[in-house]
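In: I would like to see how this sequence folds:
(chains A, B, C and D)
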Protein chains: 4
Amino acid sequence: MAMMRAAAFIEPGRIELVEKPIPDVGPNDALIRITTTTICGTDVHILKGEYPVAKGLTVGHEPVGVIEKLGSNVKGYHEGQRVIAGAICPSFTSYPCQDGVPSQDGAYLTADGTCSCHGYKATAGWRFGNIIDGTQADYVLVPDAQANLEPIPDGLTDEQVLMCPDIMSTGFKGAENANIRLGDFVVVFAQGPIGLCATAGARLLGASTVIAVDGINERLTISQKMGADVTLNFREVDVVEEVMKITKGRGADSAIECLGTQKTFETALRVLKPGGTLSSLGVYSEDLVIPVSAFAAGLGDHKINTALCPGGKERMRRLMKVIQSDRIDLKALVTHEYKLDDIVAAYDLFANQRDGVLKVAIKP
Amino acid sequence: MAMMRAAAFIEPGRIELVEKPIPDVGPNDALIRITTTTICGTDVHILKGEYPVAKGLTVGHEPVGVIEKLGSNVKGYHEGQRVIAGAICPSFTSYPCQDGVPSQDGAYLTADGTCSCHGYKATAGWRFGNIIDGTQADYVLVPDAQANLEPIPDGLTDEQVLMCPDIMSTGFKGAENANIRLGDFVVVFAQGPIGLCATAGARLLGASTVIAVDGINERLTISQKMGADVTLNFREVDVVEEVMKITKGRGADSAIECLGTQKTFETALRVLKPGGTLSSLGVYSEDLVIPVSAFAAGLGDHKINTALCPGGKERMRRLMKVIQSDRIDLKALVTHEYKLDDIVAAYDLFANQRDGVLKVAIKP
Amino acid sequence: MAMMRAAAFIEPGRIELVEKPIPDVGPNDALIRITTTTICGTDVHILKGEYPVAKGLTVGHEPVGVIEKLGSNVKGYHEGQRVIAGAICPSFTSYPCQDGVPSQDGAYLTADGTCSCHGYKATAGWRFGNIIDGTQADYVLVPDAQANLEPIPDGLTDEQVLMCPDIMSTGFKGAENANIRLGDFVVVFAQGPIGLCATAGARLLGASTVIAVDGINERLTISQKMGADVTLNFREVDVVEEVMKITKGRGADSAIECLGTQKTFETALRVLKPGGTLSSLGVYSEDLVIPVSAFAAGLGDHKINTALCPGGKERMRRLMKVIQSDRIDLKALVTHEYKLDDIVAAYDLFANQRDGVLKVAIKP
Amino acid sequence: MAMMRAAAFIEPGRIELVEKPIPDVGPNDALIRITTTTICGTDVHILKGEYPVAKGLTVGHEPVGVIEKLGSNVKGYHEGQRVIAGAICPSFTSYPCQDGVPSQDGAYLTADGTCSCHGYKATAGWRFGNIIDGTQADYVLVPDAQANLEPIPDGLTDEQVLMCPDIMSTGFKGAENANIRLGDFVVVFAQGPIGLCATAGARLLGASTVIAVDGINERLTISQKMGADVTLNFREVDVVEEVMKITKGRGADSAIECLGTQKTFETALRVLKPGGTLSSLGVYSEDLVIPVSAFAAGLGDHKINTALCPGGKERMRRLMKVIQSDRIDLKALVTHEYKLDDIVAAYDLFANQRDGVLKVAIKP
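Out: Model prediction:
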């Protein structure tokens, strides 16, 4: 039995490189040899035991690689082809998929009569490193490959497309969920990798003033390259007051929350105009409070939209098209590179946010 | 100077009938002689001092009447014509009006550089009995009359159209904000007058299973007449559990909150499928908590939409058309009738929800 | 090799019952034993040679039946289960499916560099009786069965659900595409089976005045049962003039075209208000003319939406839910019943529209 | 009585400078002293007698100027303030305005029971130089000024905002009506001033490949500055074939028609993918033909949206915000400048499209 290396969740505090068999390929699967993958903030939640996964599971959900073997039903691809697949890797055949929320694939299908959405496991469309073995390994098995494999256009490097499976898809979804129109003021809270992509997405969708908020000036500098017109360091200014000045008391048309804390969520509500939209991307680990004063007592015609990262080959095709058309350059987000053998060190750097790290390329 | 009777807010706990001059009519105004008006739950908040208005203001915002005098610029109407006007009586010329949220008229225009939405006074589109004299009087002055007066079609009585200015417009907006599609399960929380209209609206917009929730069986019985397929008394059953049974674990496609409490809001979230919509109509008097477990940690593709009652003559025309076409019969909601002279007694009955009261017709 | 009966297209003018092998079942397929199917207007186009299909192809695309055999990858069903599948039977994994138009499955995948939509074969999501063997047979093979099989709820007969795979799905899509809002006037042109479902759909989605147009009074009578408020026989009145009277010169908010002729399309445009929507369902066999006078020279803010019938198990689930909830009763549309052995006679009746036929149940 | 100069329609073939009284200012009006205006393609239709207006009417609908006098009801502005107003100058109080189509203001209000949209006069929201005196004059009277006047932000010149009232608003509406999503291919037909703005709008709204089509290479060069990624000269290449190559047979996601001819409309349909959107801006002077082969016989899930230029002060505010934010620079479109006294010569140049003219600034 051929073996491979894989970064597995051992117990809270421990993700380690182990040996596993290279998986068998069923008729609808594809086996991908990973050439580059990365570590996500969610993986750090897994490492810390804050987001539960099965012990022994291979973590990671952002694959760039080469087709090693195709299932017998998977048509239109060839072995050796460079491909990516979304972090969220839905079947596209389930009820939620056909109902317009493929990221929630599996959510409506529970044996015991209670809806699977009420708890952290809502998100059964997210499979890699969540409910099946993930991408921080030599190989990953892609299920429903016909729906999920997307060839990388010639001329794009691994680093250029590494954000597509999760970071860029999520950040752009935050912008897409914000109901942006030409002439809008849009405020983006937190300028980590997802927030930077939300900033870029808001600009690409027509916002006329993109206001980026963070507490780290280096990130605010990068946000300007991504499309921010104005940057606000929340350690230095009162964000609500500044947004009201910039918008002349109108309030922002939309706010995009990219962190997952009470403070960012609440401030996002407070900067909104009546009728404005709060697009929320954060993974919240505690109950949220909506202050009645930030919510016009429920009479403000506000909208709040949440999202899980979209997946699927059409999504991946579109994201790579945006990159290919020079609308965005995400290479600057890949600040460090590690070998798969050194992944424990990579987690250590990333979890502790040392050395100005944004994203780490992992090379098997 | 000709005088009239008007129910005025004196101080918390006191709304009384006073004498006021009949208002002068400016070029864009119309003076309406009230033939029927009613008391709203919001008026009770005003009475109790929970929702602040200026002392001496005439309360009430639901006018049915006859044109007494037209401003010089108001065209296409005639004196003596029976008309209604929305509780929310926007100018339709302001920035928010042109920006798609006429109910928030005035919200973006503040002198002091802070957005007027952040607090109870967000809702400057609501003028009658909020920022100008209201309808519980012999006469009411309608500003921007060209945009707000709508003739009552022949054959409809005052009682038939009395819900249009607020209750029906609000309840229907709750259904319109719920993203209803054919085949949907929709749960409506609280079956007071607005909730009953939301129930009717959800049915009219194509929901295939409308589930009405309340704690009073009489109201649940009326909800069936309004279109509910299933009724749940929250004092007798676990609502989340029942909805999961009815939907076979799928969860509801939408929930409409019509009360304004933590419990209804939270339960509305908990019955939703991933990707579902919570349409909120309630006026919340305390901070809301979103439990992370009811919200899939922010990853459930949920939507939350709030609304203030829509106004304007086109809205009133459409609502009366729905009534005229026999799609709904709201006469059953008018359970009591009082003379204007007895309005203090009417408030007493309504505020204490005695005698199965739903809505009270007030006749000057 | 086990054999079965199948109605095959032989040549223009001839559809005949032939013997074919019962198909083999691949891993993603299901073999359905047909218990009831029907003949569609499109089948008559095929019979006449107006819509080209391969010689020898089994025709028919509306299956009601029982699972005979499941492919090895198809989970959550059991043999013997009563099911339907949509006439349009997409994979749900292709680019068009993930791009929001599953009915156009396959359309973007052409070998020769020209888009497959430019011609009659656009509609590769429609497979039964178009590009694979259809349902007028003892058995039909359902591809991508996991995405397309939907169990029939207990208590519903074959006749009750026979319209779901095509007629009801198409007619309802016509209403869904018409941008209907509460209070709307909606005109539905042609009251054949699809038009009757569009009439019902327009009512279910909230239209307040549904105006049904046809030239046969019997059909107009049925349209009233389906939800029409007003009926117009175009042989007796000027339809544009009548609609303008009914709407007091406003024009209709929407028009739904359900036939596929210049006259119905053009009249549908002429009844619209500025800003109105024309939802087109017809299959046009000749070039259409848009008279500049019916189109406000392109300045009328008009919308024209076309559609192909939606398929998939979620769609079928929703349509059967509508029936189960007593929102519609389509049994009256099944006016005749034939044995499969007599299908040539059934075509003869249906193609010539004799004996007041609406739809024919075919029983193998 | 104070007099002013005005360019009036005399008879087909003749627009001449005449003397007229400076208009009186009613309570809801504002009198604007024109500092810059321009000539539109529609004015040339008027000149040629192809679009009928009353004899003696002052033509022109694109005002940049200074407030000379305010009506007594117009608040929040001051005399001497630099302002613009949209070419389409709706009341915002009428039924169509409240129904979501302010450009069609007045359309639903007809005395004789026939809808006013059925013919060229549909567009009663367009008032300047159509149904009231226009802007090619020393002064223009703006009706419903509270809804229509928008102050010019400090730092923007007349030439920078001259396109806002019509050209930019129309071109951007064409892009807004095209349902553009990130990653889309969008084809824009005709690169005159409106087409160039549609090209810019498509890019601003997130199209990843904007394909500009025209027959004049100089215009295609300018289209690249406006945001086109690819240019096609229809005199040199087969546009359908090229688009299919660029999109690899997929077809374009959207096409925007900016001329008003059979050829551009038909080609726009032919480049679309199934499910694609045709956004039409052209003013058609002859009946249009939709070839059945370009329309998938009505089964292609196509959408066709038409539009009239949006107006109102919020629209003007947003457009000037886009300019202020350096998202677009339209100064290059103003190729010539004339004095009002020389307007006959300006018409001659513009009508005959001499000297590479795009737009002409007229200075009273």
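
In: residue contacts, residue A:307?
Out: Contact analysis of residue A:307 by C-beta atoms under 8 Å, 6 or more residues apart in numbering or on different chains lists A:103, A:170, A:173-174, A:177, A:279-281, B:299, B:301. The way it works is simple: take the backbone N, C-alpha and C, and place the C-beta from them, glycine included.

In: in the stretch 101-250 of chain A, where is pLDDT below threshold?
Out: A:107-124 (pLDDT under 70).

In: strands - which of the contacts of residue A:307 land there?
Out: A:279-280 (DSSP state E).

In: got TSV for the contacts of residue A:307, with distance to residue B:235 and neighbour count too?
Out: What follows is the contacts of residue A:307, written out as TSV (distance: C-beta to C-beta, whole Å; neighbours: other C-beta atoms under 10 Å in any protein chain shown):
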residue	distance to residue B:235	neighbour count
A:103	37	30
A:170	42	26
A:173	41	26
A:174	41	28
A:177	37	24
A:279	37	27
A:280	34	29
A:281	39	29
B:299	33	27
B:301	32	29
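
In: among the contacts of residue A:307, which one sits closest to chain D?
Out: Taking C-beta to the nearest C-beta as the measure, chain D sits nearest to residue A:173 out of the contacts of residue A:307, at 9.9 Å.

In: and the pLDDT for the closest residue to that closest one other than its chain neighbours?
Out: Nearest residue to residue A:173, sequence neighbours excluded (C-beta to C-beta, 6 or more residues apart in numbering or on different chains): residue A:307, at 4.8 Å. The model reports residue A:307 with a pLDDT of 95.

In: the closest residue to chain D within the stretch 101-250 of chain A: neighbour count?
Out: Closest to chain D within the stretch 101-250 of chain A is residue A:183: 2.8 Å, counting by C-beta to the nearest C-beta. For residue A:183, the neighbour count with other C-beta atoms under 10 Å in any protein chain shown is 25.

In: tell me where the stretch 101-250 of chain A has strands.
Out: With DSSP state E, counting those that start in this stretch, the ranges of strands along the stretch 101-250 of chain A come out as A:139-142, A:150-151, A:185-189, A:209-214, A:230-233.

In: need those strands in JSON lines (columns: distance to chain B and mean neighbour count).
Out: Converted to JSON lines, these look like this (distance: least, C-beta to the nearest C-beta, whole Å; neighbours: other C-beta atoms under 10 Å in any protein chain shown):
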{"stretch": "strand A:139-142", "distance to chain B": "22", "mean neighbour count": "26"}
{"stretch": "strand A:150-151", "distance to chain B": "22", "mean neighbour count": "21"}
{"stretch": "strand A:185-189", "distance to chain B": "11", "mean neighbour count": "32"}
{"stretch": "strand A:209-214", "distance to chain B": "15", "mean neighbour count": "28"}
{"stretch": "strand A:230-233", "distance to chain B": "16", "mean neighbour count": "18"}
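
In: would you reformat these as JSON lines and include distance to residue B:311?
Out: Converted to JSON lines, the strands of the stretch 101-250 of chain A look like this (distance: least, C-beta to C-beta, whole Å):
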{"stretch": "strand A:139-142", "distance to residue B:311": "53"}
{"stretch": "strand A:150-151", "distance to residue B:311": "49"}
{"stretch": "strand A:185-189", "distance to residue B:311": "26"}
{"stretch": "strand A:209-214", "distance to residue B:311": "31"}
{"stretch": "strand A:230-233", "distance to residue B:311": "35"}
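
In: can you report phi and psi for the residue nearest to the residue of the stretch 101-250 of chain A closest to chain D when sequence neighbours are not counted?
Out: With sequence-adjacent residues excluded and distances taken as C-beta to C-beta, 6+ apart, residue A:183 is closest to residue D:318, at 2.8 Å. Main-chain torsions, residue D:318, degrees, to the nearest 10: phi -60, psi -40.

In: wait, does the helix or strand residue A:68 falls within contact chain C?
Out: For residue A:68, the element it lies in under DSSP states H and E is strand A:64-70. No: Strand A:64-70 stays clear of chain C (C-beta under 8 Å from any C-beta of the partner chain), getting no nearer than 14.3 Å.

In: residues of that strand that come out buried?
Out: A:64-65, A:67-70 (16 or more other C-beta atoms under 10 Å in any protein chain shown).

In: what's the closest of those to chain D?
Out: residue A:64 (18.6 Å).

In: name whatever forms a beta bridge with the closest one.
Out: residue A:36, residue A:84 (DSSP bridges).

In: pull the contacting residues for it.
Out: Per C-beta under 8 Å, 6+ apart, neighbours of residue A:64: A:34-37, A:82, A:84, A:152, A:158, A:161-162, A:165.

In: can we see that at 10 Å?
Out: A:32, A:34-38, A:82-85, A:135, A:152, A:156-162, A:164-165, A:361 (C-beta atoms under 10 Å, 6 or more residues apart in numbering or on different chains).

In: please list only the buried members of these.
Out: Buried, going by 16+ other C-beta under 10 Å: A:32, A:34, A:36-38, A:82-85, A:135, A:152, A:156, A:158-162, A:164-165, A:361, out of those.

In: gap between residue A:243 and residue B:29?
Out: 37 Å (C-beta to C-beta, to the nearest Å).

In: higher neighbour count, those two?
Out: Neighbour tally, residue A:243 and residue B:29, criterion other C-beta under 10 Å: the higher count belongs to residue A:243, 28 against 21.

In: could you find the closest non-adjacent residue to the more buried one?
Out: residue A:271 (4.3 Å).

In: now do that neighbour against residue A:140, distance only.
Out: 40 Å.

In: which one of the buried residues of strand A:64-70 is nearest to chain B?
Out: Nearest to chain B among the buried residues of strand A:64-70, with distances taken as C-beta to the nearest C-beta, is residue A:64, at 23.6 Å.

In: where does chain A come near chain D, residue by residue?
Out: A:172-173, A:175-176, A:180-185, A:201, A:203-210, A:229, A:250, A:253, A:314-328 (C-beta under 10 Å from any C-beta of the partner chain).

In: how about the helices in the stretch 1-150 of chain A?
Out: Taking DSSP state H, counting those that start in this stretch to define them, one finds helices in the stretch 1-150 of chain A at A:41-47, A:95-98, A:145-148.

In: residue A:226 touches residue A:212, doesn't it?
Out: Yes: shown here, residue A:226 and residue A:212 form a contact pair, counting by C-beta atoms under 10 Å, at 7.9 Å.

In: spit out the residues that contact those two alike.
Out: A:188, A:191, A:195-196, A:198-199, A:202.

In: of all those residues, which two lie farthest apart?
Out: A:191 and A:202 (12.1 Å; C-beta to C-beta).

In: of those two, who's got more company?
Out: For residue A:191 versus residue A:202, neighbours defined as other C-beta under 10 Å are more numerous around residue A:202 (32 against 29).

In: which residues sit in contact with the more buried one?
Out: Residue A:202 neighbours (C-beta under 10 Å, 6+ apart): A:171-172, A:174-176, A:178, A:180, A:184-188, A:209-212, A:226-228, A:254, A:256, A:279.

In: residue A:275 now?
Out: A:179, A:251, A:253, A:300-303, B:96, B:99-104, B:107-108, B:117, B:122, B:306-308.

In: may I see the ChimeraX selection of the buried members of those residues?
Out: A single ChimeraX command selects the buried members of the contacts of residue A:275 (16+ other C-beta under 10 Å):
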select /A:179,251,253,300,301,302,303 /B:96,99,101,102,103,104,107,108,117,122,306,307,308
